[in-house]
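Asker: got a predicted structure here, sequence first:
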Amino acid sequence: MFPRVRLAAVAAAALVAALAAAVVPAAAAWELTKKGTAVTYDRRSLMIDGKRELFFSGSIHYPRSPPEMWPDLMAKAKEGGLNVIESYVFWNVHEPEEGVYNFEGRYDLVRFFKLIQEHDMYAMVRIGPFIQAEWNHGGLPYWLREVPDIVFRTNNEPFKKYMEKFVRLIVSKLQEANLFASQGGPIILAQIENEYAHLESAFKEEGTKYINWAAKMAVSTNTGVPWIMCKQTKAPGEVIPTCNGRHCGDTWPGPADKSKPLLWTENWTAQYRVFGDPPSQRAAEDVAFAVARFFSVGGTMTNYYMYHGGTNFGRGGASFVMPRYYDEAPLDEFGLYKEPKWGHLRDLHQALRLCQKALLWGNPTTQPLGKNLEARLFEIPEQKVCVAFLSNHDTKEDFTVKFRGQDYFVPRHSVSILADCKTVIFSTQHVNAQHNQRTFHFADQTVQNNVWEMYSEEKIPRYKDAKIRSRKPIELYNLTKDKTDYVWYTTGVKLEADDLPFRSDIKPVLEINSHGHAMVAFVNDAFVGCGHGTKMNKAFMLKKPMALKKGVNHISILASTLGMQDSGAFLEHREAGLASAQIQGLNAGTLDLTINGWGHIVGLFGEEKQVYTEKGRASVAWKPAVPDKPLSWYRRRFDMPSGTDPVVIDMSPMGKGQLFVNGEGMGRYWISYKHALGRPSQYLYHVPRSFLREKDNELVFFEEEGGRPDAIMILTVKRDNICSFVSESNPAHVQAWDEKDGRPVAGGDALKPRATLACPPKKAIQQVVFASFGNPVGLCGNYTFGSCHAPRAKEVVEQACVGKQRCTLAVSHDAYGADPNCPGTTGTLAVQAKCSKRAPSAAQ
């Protein structure tokens, strides 16, 4: 069985460390590698000291979660069947200024990789140092743009100089900590560059020279482990090319060099989301199908990108990327199990491990079974070791196929794994793992001391206030140096009475063309309107009517970015901010303001004073808050909600801005930008408990557009609604199997489907909300009875489960007194239960 291990999020790092020590026994000595370990490979697999292994890896990025969460995330990843943790290295957080380094807190990569080793897992480090990763500027520090004559990621001497310096710095830090496998550490793979194939075609010969140089430079660092380049089919020398994508088993032919193994560095568990995106998901069944297919064609390592996405805190996200990152991963943004994805993949990993002898040493063959149908086998006949993958690529039709004299039902878009080439131990379309539903709960701290204060950036700046002046608007990134999102652009225009429209129903129109990403416009201190681009089209035009007067009219534009772009050639030349401006509708026609003379003020006064920090708060005068006030800082105090459940802030009453708690940036929010379904892409913001104090936490945000701060809510998050949806046609749970002499073995009666429900530790099933056997339909939290409902189902489930932390239920007509001849029955058991720390009442 698979016991659940979950660490409570706590404010004190020492307490978290103590809990982590309880989860990971210190008695187990590190045995995966030793000093002198050789990591080698052939077409079949990576080998650790000559031993082949299957590798199941998950991406967890250290800057996207506080260190206090790392032990819990790693424990859950290992519990989910992973034996490798992967992370990029983030150049721009480690060297924010040239020669100024930061490896503390969330940026302590040595601590992160040591923790992987403490959890008895391997590691993969993707140094890049360009990483993309939906991270600001693709991980490249801003100051690199200002190096004379630099061109990123091509055969450019300035870029290569700084890239090599950073790569060698990171390798040295890891070597000093003995973290490479050759030193007895956990790191078995390192990556240089990132998804370069499309840039190589853009830079042509110079791109090829660069990638060859990068490979040789990486190898020369003498890490003692193989280097990889991702999303490629070929790589120079001994560097291994790898695949990124959703279906690498079907879309990637593997390395052109047949001496290199098939490795999958990014199996996208969901779709990262940007502001303006509607909700999106990737089903657990599809992820499992893709992994099973990859291993069936000879792959031996997959890395889930992401296994836990976490949060783009502060200004860490790339352009338009939301703070919430890969929330649909097996571990959600808060580090909670996303079921059934987490459990279904855990079961797949065990199924493949049961077959590893055949997969790693068996003779591979392929047998067509019909259109879109095939069997892929790995077999050692003399040892009676065999595994077969029966694949159905048809996305609409189920089929029954004949394989080795037996009939097998193969659902649409599925792979069935026959561990002995006879018995199905896992089907990607049949989920035996439990499901769960995430819920958000009102915290009393929302209304306790719900007193707000504000500091308004009331003085809309004018041209005379600006020290940076030029004839035309200056490009925004050149002004901000990526230290802030904001720049004020100001100009003035003197008009005579004859210039203004004579008719009262006609108003002049302000037209601003912007390179991106957003802006708020004011004329004569009056709010005129907002405008913004999108992730795909960052440039946009703002056209708003305005009131002008005789004399000097002051035009002030607060332009802002939502991060720097993270991909593509010539990244150093990407622009943002004002491009041109004009006034339409004057009596004399259109007035072009582009070369009118512009003043520029970088950042906000509140940013300069750091009013979101305890020290900076006292530097400005706060007053009682009023709603719907643009360009205002708001603040309140709140206590930490009781318990250990994750904490979130519901920002839905606001417009657009940035959120801080106790001086830590929680990320950008943009509630006013609605996606096609009429809702904001993100309105709930994770506040890790390690960022909080027991009392008097400071919530501060800057609001650009206006809203109602008093309606902001503090919530907690649970996944205490657990469900099961298992049919008689499902294969027995893979837990029923074990491995002996390289072959799966199982007991007879055990090979029947079962449904298992398990609550988090210290919680028990308090209530059975729904139970039906027959043909129920729906999703967890929304099941409904079918026409063949067995009336005794809820009673049977309650007797078996209420008051227990976990329970196992039979999936059969007999167990629930169901009619096996009922027309339309699917022999399915659907259960929804509620977990709670409270003991069940006597009535239950």
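Answerer: Looks like it came in fine.
Asker: need the residues that contact stretch 542-554.
Answerer: Identification of contacts with stretch 542-554 by CB atoms under 8 Å, 6 or more residues apart in numbering yields 460, 462-463, 490-497, 500, 507-512, 514, 519, 521, 523-526, 528-531, 583-584. All C-beta atoms are positioned from the backbone trio N, CA, C, and that covers glycine.
Asker: how much space between the nearest residue to Lys209 once chain neighbours are set aside and Gly663?
Answerer: Spatial nearest neighbour of Lys209, excluding adjacent residues (CB to CB, 6 or more residues apart in numbering): Asn155 at 4.1 Å. Relative to Gly663, Asn155 is positioned 43 Å away (CB to CB, to the nearest Å).
Asker: likewise Lys35?
Answerer: According to CB to CB, Lys35 stands 43 Å off from Gly663.
Asker: more neighbours, Asn155 and Gly663?
Answerer: Between Asn155 and Gly663, counted using other CB atoms under 10 Å, Asn155 has the larger neighbour count: 18 against 15.
Asker: from what I can see the more buried one touches Ile211, true?
Answerer: No - checked against CB atoms under 8 Å, the pair Asn155 and Ile211 is beyond contact range at 9.1 Å.
Asker: sorry, back to before: out of the contacts of stretch 542-554, which are buried?
Answerer: Among those, those classed as buried by 16 or more other CB atoms under 10 Å are 460, 462-463, 490-493, 495, 500, 508-512, 514, 519, 521, 523-524, 528-531, 583.
Asker: and those, which of them are in strands?
Answerer: If you go by DSSP state E, the buried ones among the contacts of stretch 542-554 have 490-493, 495, 509-512, 514, 519, 521, 523, 528-531, 583 in strands.
Asker: residues contacting the closest residue to Ala579 other than its chain neighbours?
Answerer: Distance criterion CB to CB, 6+ apart; nearest residue to Ala579, sequence neighbours excluded, is Asn513 at 4.6 Å. Contact analysis of Asn513 by CB under 8 Å, 6+ apart lists Ala539, Phe540, Met541, Leu578, Ala579, Ser580, Ala581.
Asker: next up, phi/psi of the first one, please.
Answerer: Read it as Ala539. Phi and psi for Ala539, reported as degrees, to the nearest 10, are phi -70, psi 150.
Asker: tell me if I'm right that it and His515 touch.
Answerer: Yes - applying CB under 8 Å, one finds Ala539 in contact with His515, separated by 5.5 Å.
Asker: anything in contact with each of those two?
Answerer: Common contacts of Ala539 and His515, defined by CB under 8 Å, 6+ apart, comprise Ala579.
Asker: more neighbours: these two, which one.
Answerer: Ranked by neighbour count (other CB under 10 Å), Ala539 and His515 place His515 first, with 20 against 14.
Asker: nearest residue to that one in space, please, no chain neighbours.
Answerer: Glu575 (4.3 Å).
Asker: show me the contacts for the nearest residue to Tyr683 once chain neighbours are set aside.
Answerer: Sequence neighbours aside, Ser652 is the residue nearest to Tyr683 in space, at 4.2 Å (criterion: CB to CB, 6+ apart). By CB under 8 Å, 6+ apart, the residues touching Ser652 are Ile671, Pro680, Tyr683.
Asker: which ones are touching Phe334?
Answerer: By CB under 8 Å, 6+ apart, Phe334 lies in contact with Pro646, Val648, His686, Val717.
Asker: quick one: residues contacting the residue nearest to Asp444 when sequence neighbours are not counted.
Answerer: Sequence neighbours aside, Pro641 is the residue nearest to Asp444 in space, at 7.6 Å (criterion: CB to CB, 6+ apart). Residues counted as contacts of Pro641 (CB under 8 Å, 6+ apart) are Ala443, Asp444, Gln445, Val647, Ile714, Thr716.
Asker: assign Pro641 to helix, strand or coil.
Answerer: coil (DSSP: H, G, I helix; E, B strand; the rest coil).
Asker: would you mark the buried spots in stretch 385-396?
Answerer: The neighbour-count check on stretch 385-396 (16+ other CB under 10 Å) flags Val385, Cys386, Val387, Ala388, Phe389, Leu390, Ser391, Asn392, Asp394 as buried.
Asker: so how far is the host helix or strand of the fourth one from its chain's centroid?
Answerer: Translated: Ala388. If you go by DSSP states H and E, Ala388 is part of strand 385-392. Centroid separation for strand 385-392 versus its chain: 32 Å, with CA atoms, centre = their mean, to the nearest Å.
Asker: partners of it, with directions?
Answerer: Strands that pair with strand 385-392, judged by DSSP bridges, come out as strand 373-380 (antiparallel), strand 414-418 (antiparallel).
Asker: quick one: contacts of the first one?
Answerer: By CB under 8 Å, 6+ apart, the residues outside strand 373-380 that reach it are 296-297, 355, 357-359, 361-369, 385-394, 399, 401, 403, 410, 421, 742.
Asker: and that strand, how far from the chain's centre?
Answerer: Relative to its parent chain, strand 373-380 has a centroid offset of 34 Å by CA atoms, centre = their mean.
Asker: over to stretch 223-230?
Answerer: From the chain centre to the centre of stretch 223-230 is a distance of 24 Å (CA atoms, centre = their mean).
Asker: what comes into contact with that stretch?
Answerer: Stretch 223-230 is contacted from outside by 37-41, 46, 126, 171, 174-175, 180-183, 187-196, 211, 215, 218-219, 235, 238-244, 263, 265-266, using CB under 8 Å, 6+ apart.
Asker: drop anything exposed from these.
Answerer: Neighbour-count burial (16+ other CB under 10 Å) applied to these gives 37, 39, 41, 46, 126, 171, 174-175, 180-183, 187-196, 211, 215, 218-219, 235, 239-244, 263, 265-266.
Asker: among these, which lie within helices?
Answerer: Applying DSSP state H to the buried ones among the contacts of stretch 223-230, the entries found in helices are Val171, Leu174, Gln175, Ile211, Ala215, Ala218, Val219.
Asker: between these, which is closest to Trp737?
Answerer: Using CB to CB, Leu174 is the member of these that sits closest to Trp737, with 38.4 Å.
Asker: tell me how far that closest one lies from Tyr122.
Answerer: Look at Leu174 and Tyr122: by CB to CB, they are 14 Å apart.
Asker: next, show the common contact partners of these two.
Answerer: Here Leu174 and Tyr122 share the contacting residues Ile187, scored by CB under 8 Å, 6+ apart.
Asker: which sections of this structure are below the confidence cut-off?
Answerer: 1-27, 747-750, 838-844 (pLDDT under 70).
Asker: quick one, longest strand in it?
Answerer: Every strand in the chain considered (DSSP E), the longest is strand 713-727.
Asker: ok, it: who's next to it in the sheet?
Answerer: Strand pairing (DSSP bridges) places strand 713-727 next to strand 435-442 (antiparallel), strand 647-650 (antiparallel), strand 828-836 (antiparallel).
Asker: from the contact counts, what lies against the helix or strand following the first one?
Answerer: To tie it back to what came earlier, the one meant is strand 435-442. Per DSSP H and E, the first helix or strand lying C-terminal to strand 435-442 is strand 453-456. In terms of contacts (3 or more CB pairs under 8 Å, 6 or more residues apart in numbering; DSSP states H and E), strand 453-456 is packed against strand 623-624, strand 632-638.
Asker: quick one, which of the ones you listed is nearest to Tyr307?
Answerer: strand 632-638 (31.7 Å).
Asker: so what strands line up beside the closest one?
Answerer: strand 453-456 (antiparallel), strand 697-703 (antiparallel).
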